[in-house]
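>>> predicted coordinates and the sequence they were generated for:
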Amino acid sequence: MKFRFYEKFLRTRSYWTIHTYLLDNRIESELISIFVAYFLIGLVACTVGAMAGLGGGIIIKPLLDMLGHYDLSTIGVLSAATVFSMAVVSLIKARNSNLGIDRGNSFFIAIGSIIGGFTGKGIFNHFVVNSGMSTIIGIFQSALLSGLLIIIYVFMRYNHRIKTYHVQNRFVILCVGLVLGLLSAFLGIGGGPLNVAVLVFIFSMNTKDASINSIFIIFFSQLSSLILVATSTGFAPYDLSMAWFMIPGGMLGGIIGTNLVSKISNRWVERIFNGTLLMIILITLYNIVIQLI
């Protein structure tokens with residue numbers, strides 16, 4: 001479904017009717033409601049994403065799937081553009097806060113995720129764009145995503161009972177990033193939940209520190225995703241009219257989320273992370289049921 005500003009119906013004074021006037025105003029009202037809805041999706045997703053390190057794509061994709069206005073490829077581009085804008089402003093704001101970024105380890109994960117992202121996007125394009133298997137892949141994406149989120153939720157809920165590590169081997173860290181990038185690109189998400197869980201597990205970070213480091217990784221992964229689109233298909237094949245509303249929402253969400261996370265405790269970040277995961281799991285399972293019906 002494409003959204004664009006439609007030209008007014010051709011009319012003259014002699015053919016002007018009350019019916020046409022009311023119909024035209026109803027269409028405009030519906031369009032405004034849609035614009036506001038997409039702005040709010042970007043705002044809420046990126047506010048929560050910036051606070052908990054989720055990024056926002058993990059929220060945006062299931063919601064856009066549920067709305068059903070766009071195909072999988074367009075949703076991926078809209079999500080990447082919105083989350084990238086959030087990551088930019090979040091990292092700028094984080095420079096003046098007490099949030100610490102482990103640039104060494106996070107950078108190696110980011111490099112790995114970029115390489116994995118190209119691979120994952122290539123697999124996605126092969127099955128969805130070239131093979132025309134968008135419906136089957138959509139169901140598989142939702143099922144895989146819900147399964148991963150359930151595992152992450154259980155881990156984060158009980159991570160204080162699970163042994164974590166302090167990995168220093170750069171090659172291992174690079175390989176971890178590669179797997180994260182591959183999964184994130186194929187699933188069409190920023191990779192936030194995966195990043196946070198891995199950062200907690202292999203570096204023993206608390207959730208609050210893992211959240212800002214996750215945004216750091218997401219910045220590079222989404223940048224590479226957008227560059228890949230620009231250098232392969234270009235942006236012309238996609239209906240990105242809603243990006244004009246989602247990107248400002250994402251940027252505002254990044255500012256709000258980063259301000260809030262610097263003022264709350266690690267415990268509250270964990271609660272926001274786990275609560276959001278539960279909501280996303282429910283939405284994803286709902287999408288699976290709808291796609292199967």
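Okay, I see it. Just so you know, these numbers come straight off a predicted model, no measurement behind them.
>>> give the contact list for the residue most central in space within the chain.
For the chain, residue 57 is the residue whose C-alpha lies nearest the centre (Cα atoms, centre = their mean; 0.7 Å). Residue 57 sits next to 45, 49, 79-80, 82-83, 184, 188-192, 218, 222 when contact means Cβ atoms under 8 Å, 6 or more residues apart in numbering. For every residue, glycine as well, the C-beta is placed using N, CA and C.
>>> now the helix or strand hosting residue 105: how far from the chain's centre is it?
Per DSSP states H and E: residue 105 is located in helix 103-124. Relative to its parent chain, helix 103-124 has a centroid offset of 16 Å by Cα atoms, centre = their mean, to the nearest Å.
>>> so which elements touch that helix?
helix 170-187, helix 192-203, helix 207-231 (3 or more Cβ pairs under 8 Å, 6 or more residues apart in numbering; DSSP states H and E).
>>> got the CA positions of the shortest one in PDB?
This means helix 192-203. Output of helix 192-203 as PDB, limited to C-alpha atoms (Å, rounded to 0.1, in the frame of the first residue of the first chain):
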ATOM      1  CA  GLY A 192      19.300  -4.600  19.900                       C
ATOM      2  CA  PRO A 193      18.000  -7.500  22.100                       C
ATOM      3  CA  LEU A 194      20.700  -9.800  20.700                       C
ATOM      4  CA  ASN A 195      23.400  -7.200  21.300                       C
ATOM      5  CA  VAL A 196      22.400  -6.600  24.900                       C
ATOM      6  CA  ALA A 197      22.200 -10.300  25.800                       C
ATOM      7  CA  VAL A 198      25.600 -11.000  24.200                       C
ATOM      8  CA  LEU A 199      27.300  -8.000  25.800                       C
ATOM      9  CA  VAL A 200      26.000  -9.200  29.200                       C
ATOM     10  CA  PHE A 201      27.000 -12.800  28.500                       C
ATOM     11  CA  ILE A 202      30.500 -12.400  27.100                       C
ATOM     12  CA  PHE A 203      31.600  -9.200  28.800                       C
END
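>>> SS state for residue 205?
Three-state assignment for residue 205 (DSSP: H, G, I helix; E, B strand; the rest coil): coil.
>>> which residues touch it?
102, 199, 213.
>>> in the protein, which helix or strand is least confident?
When each helix and strand of the chain is scored by mean pLDDT, DSSP states H and E, helix 18-52 comes last, with a mean of 79.
>>> what number of residues lie near the residue lying closest to residue 284 once chain neighbours are set aside?
Nearest residue to residue 284, sequence neighbours excluded (Cβ to Cβ, 6 or more residues apart in numbering): residue 146, at 4.3 Å. Close neighbours of residue 146, defined as other Cβ atoms under 10 Å, add up to 20.
>>> in the host helix or strand of residue 146, what's buried?
Using DSSP H and E, the element containing residue 146 is helix 134-157. Of all the residues in helix 134-157, those buried under the rule 16 or more other Cβ atoms under 10 Å are 137-138, 141-142, 145-146, 148-149, 152-153, 155-156.
>>> quick revisit: closest to residue 39 out of the helices and strands packed on helix 103-124?
With distances scored as Cβ to Cβ, the stretch of those nearest to residue 39 is helix 207-231 (19.2 Å).
>>> for the closest one, packing partners?
Applying 3+ Cβ pairs under 8 Å, 6+ apart, one finds that helix 207-231 contacts helix 18-52, helix 72-94, helix 103-124, helix 170-187, helix 192-203, helix 243-261, helix 266-292.
>>> mean confidence score for it?
What helix 207-231 shows for mean pLDDT is 87.
>>> do stretch 109-116 as well
88.
>>> which outside residues touch that stretch?
Stretch 109-116 is contacted by residues 173-185, 191, 195, 198-199, 216-217, 219-221, 224 when judged by Cβ under 8 Å, 6+ apart.
>>> measure the residue nearest to residue 284 to residue 61 for me?
Using Cβ to Cβ, to the nearest Å, residue 146 is found at 12 Å from residue 61.
>>> still on that earlier bit, nearest to residue 245, out of the helices and strands packed on helix 103-124?
helix 207-231 (17.9 Å).
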